[in-house]
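Participant: what's the 3D shape of this:
(one chain, ligands or ions: 2)
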Amino acid sequence: MSGATEILCIGAGYVGGPSMAVIADRCPHVRVTVTDVNRERIAAWNSDTLPIYEPGLDEVVRRARGRNLFFTTDVAAGIAAADIIFVSVNTPTKAFGEGAGRAADLQYWEKTAREIMAHSAAGKIVVEKSTLPVRTAAAMARILNSNPHGFEFQVLSNPEFLAEGSAIRDLERPDRVLIGSAETHGGLRARRALADIYAAWVPRERIIESNVWSAELSKLTANAFLAQRISSINAMSALCEKTEADIDEVAHAIGTDSRIGPKFLKASVGFGGSCFKKDILNLVYIAQSYGLHEVADYWEAVVRMNEWQEARFVRNMLATMFNTVAGKRITLFGFAFKADTGDTRESPASAVARGLVDERAHVVVTDPKALPNARLDLRDLQDRVEFQDDPYEAAAGAHAIAVMTEWPLYRGLDYQRILARMVRPAFLFDGRNILEHRALFDLGFNVFPIGKAPLKRL
Ligand code: NAD
Ligand code: UGA
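Facilitator: Residues are numbered from 1 along each chain as shown. Ligands and ions are numbered 1, 2, ... in the order given. Predicted coordinates:
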């Protein structure tokens, strides 16, 4: 590498956009270009309305865009100019053929490798930013190094650990940055070059280095462990509901053990997001393909428990509302898979909405940021679902409200005003345990939290 470093990122999504914006912001001497095949997305990155909502993102993009941060659809020119190419394309679960429903669909990934090879006039550092099956770097290196010119490519694994809603904070102050490479002279040199970029703002002791397979597998392992904590606490929430134990008290009690720790122990209607389920199922597939069936079954249970928790939530609503919701208006407060994002991928709200529509309910969805995505996700349900910006209008005439997303806004609503326009008895199912249950009960609601005794007058 010589002169000012040129970085290209292929894939301008939830990871590519924010992570490159932060690199550009923190490294003014580096020129960062982000490219995507999706023209609308690139146009939005170049506009005042960015394609994703993420607190703090607008400011970072505004500081760097046009200075050393560029968004373009010209993948070929970007590849030709780059020293370091991050690949941050989507790696969804395969929907067809061998491994369907579990394995990662690597078609976008492989296409990218071939594009890099086609447009490169020299060897480059290629960085896996997407989450990939362990040993993908071997396939990537094999494709790239099959180029007829003898150019040498180094493939690094630099998985991204940001969470949506806190992406900018996670990128600016990461717990760690992980860089894996081949342990050859060229691999170690490439590893150092990437570490030097991050060192502009990340303390060196937080930049962890490993072999490339460890880096790839660490990403799948981190997501599996995080999701497992949620499934574990959700399993206990069901037991709490049977025994009058309180899940928040249990979580607090165990979380004070420094070996367990307090984070990621919030019981909920279920975990969502584009990655937990897909990455665990990918892990399951990998374990199965090595004949490690017990390992596969162990991790698959994390996903099954989550599906059970979502289904249990709907069953609980149905049983509580006299075993029928047919024709009843039911309002979902929130549709995003978590607060502070407009992303609805794998949102538990979608499973709940569909479960209720199957029971012939009329579902009303409200959300401060996720309504455009909610409309797309539920477009097949047409007249069974309604969308409302205003939570008061959404709840008017409803038999029940179910909190799906922990938006702080839902804590601050005037529930007296809401109750006045609801059908009695009025039901409130708090799928996130964020509301003041006792106060709402005193107002006149029948309140059904997760993992706590219900407060009801029935
Ligand atoms: P995304 O779907 O939001 O973005 C991926 C982008 O890649 C899309 O805009 C798509 O058009 C583009 N793309 C696909 N093929 C392309 C090609 N050949 N050339 C140019 N562009 C192409 O996905 P995402 O959420 O950003 O996730 C990307 C990867 O990062 C996934 O592997 C995911 O598992 C991982 N990841 C995601 C998160 C997250 O919070 N979303 C966090 C950590 C890791
Ligand atoms: C998760 C990981 O936290 C990131 O480290 C990782 O990079 C990312 O996946 C990824 O690989 O895509 P994300 O899905 O954006 O990030 O959001 P989380 O904060 O992990 O929440 C995931 C889901 O779990 C949400 O639906 C959330 O509401 C739920 N959750 C989280 C709970 O139900 N309880 C908790 O205690 C925590």
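Participant: isn't Leu428 right next to Ala395, touching?
Facilitator: No. Between Leu428 and Ala395 there is no contact under Cβ atoms under 8 Å: 9.8 Å. Just so you know, the C-beta spots here come from the backbone N, C-alpha and C atoms, and that holds for glycine as well.
Participant: okay, and the common contacts of those two?
Facilitator: Counting by Cβ atoms under 8 Å, 6 or more residues apart in numbering, the contacts common to Leu428 and Ala395 are Ile401.
Participant: What's the local residue count around Gly97?
Facilitator: 8 (other Cβ atoms under 10 Å).
Participant: And it, how close does it get to ligand 1?
Facilitator: 19 Å (Cβ to the nearest ligand atom, to the nearest Å).
Participant: Name the SS class of that residue, please.
Facilitator: Assigned with DSSP: H, G, I helix; E, B strand; the rest coil, Gly97 falls in the coil class.
Participant: show me what contacts it?
Facilitator: Contacts of Gly97 (Cβ under 8 Å, 6+ apart): none.
Participant: How much space separates it from ligand 2?
Facilitator: Distance from Gly97 to ligand 2, by Cβ to the nearest ligand atom: 25 Å.
Participant: interface residues of the stretch 101-250 of the chain facing ligand 2?
Facilitator: Residues of the stretch 101-250 of the chain lying close to ligand 2 (Cβ under 6 Å from any ligand atom) are 131, 160-164, 223, 226, 230.
Participant: tell me which of those is nearest to Ala80?
Facilitator: Glu160 (25.1 Å; Cβ to Cβ).
Participant: just checking, that closest one touches Ser19?
Facilitator: Yes. In this structure Glu160 lies within contact range of Ser19 using Cβ under 8 Å: 6.0 Å.
Participant: Find residues that contact each of these two.
Facilitator: 88, 129.
Participant: Is the closest residue to Phe276 other than its chain neighbours in a helix, a strand, or coil?
Facilitator: In space, and not counting its chain neighbours, Phe276 is closest to Ala227: 4.1 Å by Cβ to Cβ, 6 or more residues apart in numbering. When classified by three-state DSSP, Ala227 comes out as helix.
Participant: show me where the stretch 101-250 of the chain has helices.
Facilitator: 107-119, 136-144, 167-172, 185-198, 212-243, 247-255 (DSSP state H, counting those that start in this stretch).
Participant: could you redo these as a markdown table and give each row mean pLDDT?
Facilitator: Listed next are those as a markdown table, based on pLDDT from 0 to 100:
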| stretch | mean pLDDT |
| --- | --- |
| helix 107-119 | 93 |
| helix 136-144 | 92 |
| helix 167-172 | 98 |
| helix 185-198 | 97 |
| helix 212-243 | 97 |
| helix 247-255 | 98 |
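Participant: Dump these to JSON lines, plus distance to ligand 1.
Facilitator: Shown next, in JSON lines, are these (distance: least, Cβ to the nearest ligand atom, whole Å):
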{"stretch": "helix 107-119", "distance to ligand 1": "4"}
{"stretch": "helix 136-144", "distance to ligand 1": "11"}
{"stretch": "helix 167-172", "distance to ligand 1": "7"}
{"stretch": "helix 185-198", "distance to ligand 1": "16"}
{"stretch": "helix 212-243", "distance to ligand 1": "7"}
{"stretch": "helix 247-255", "distance to ligand 1": "24"}
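Participant: Any chance of those in a markdown table with mean neighbour count and distance to Asn323 as columns?
Facilitator: What follows is the helices of the stretch 101-250 of the chain, written out as a markdown table (neighbours: other Cβ atoms under 10 Å; distance: least, Cβ to Cβ, whole Å):
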| stretch | mean neighbour count | distance to Asn323 |
| --- | --- | --- |
| helix 107-119 | 17 | 45 |
| helix 136-144 | 19 | 49 |
| helix 167-172 | 20 | 43 |
| helix 185-198 | 18 | 56 |
| helix 212-243 | 19 | 18 |
| helix 247-255 | 17 | 25 |
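Participant: so which of the ones you listed comes closest to Ser47?
Facilitator: helix 167-172 (18.8 Å).
Participant: chain center to that closest one: distance?
Facilitator: Distance of helix 167-172 from the chain centroid (Cα atoms, centre = their mean, to the nearest Å) equals 14 Å.
Participant: next one: stretch 286-303
Facilitator: So, by Cα atoms, centre = their mean, the centroid of stretch 286-303 is 22 Å from its chain's centroid.
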